[in-house]
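> please work out how this folds:
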Amino acid sequence: MSNLIHLTDRIDVDDTRQFYLLPEKDRQRLCNWIEQYVIPCKTKTTRADSVNSYELKHLFGKNGGFYVVNGAMKGAMLEYDFDVYNEDFLNWNFNVGRKVFKVVDPEGAARDRLIARGMY
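From the prediction side, this is the model:
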């Protein structure tokens, strides 16, 4: 995938090229978060037990990040070679299982929110 984007291009919010529209410091911050918290499954997960791009973008935004569009999260996950199970869907599922996905914060509040929503 080329990361060259022309100013005349209208990029849909779900397009992976949204990642390259982020300022460099924001791309780095998103990548640092993925490196720290998003753990790939060693075995293939099913769609029902994997985490999708929509969930990841909200987890990032609520746990030390900032708002990103769905396409930016998809693009960032592709940068780290996560497997995509359903590219034809709006929200992509990645090889990140709910049980191994960890969001750590000092009070454990983020983990509690995830558990309450059935996402951990």
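> for Arg29, give me its contacts.
By Cβ atoms under 8 Å, 6 or more residues apart in numbering, Arg29 lies in contact with 65-66. C-betas here are computed from N, CA, C, even on glycine.
> hang on, it is in a helix, isn't it?
Yes - counting by DSSP: H, G, I helix; E, B strand; the rest coil, Arg29 is located in a helix.
> how near is it to Asn91?
22 Å (Cβ to Cβ, to the nearest Å).
> ditto for Ser53
In this view, Ser53 and Asn91 are 5 Å apart by Cβ to Cβ.
> those two: which is more packed in?
Taking neighbours as other Cβ atoms under 10 Å, Ser53 and Asn91 compare with Ser53 leading, 27 against 16.
> looking at it, the more buried one is touching Met77, isn't it?
Yes - between Ser53 and Met77 there is a contact under Cβ atoms under 8 Å: 6.9 Å.
> any residues in contact with both of those two?
Counting by Cβ under 8 Å, 6+ apart, the contacts common to Ser53 and Met77 are 92, 94.
> spell out, range by range, the helices that occur in this structure.
Secondary structure of the chain (DSSP state H): helices located at 18-21, 24-37, 53-62, 70-79, 109-116.
> which non-adjacent residue is nearest Cys31?
Closest residue to Cys31 apart from its sequence neighbours, by Cβ to Cβ, 6 or more residues apart in numbering: Ala76 at 6.3 Å.
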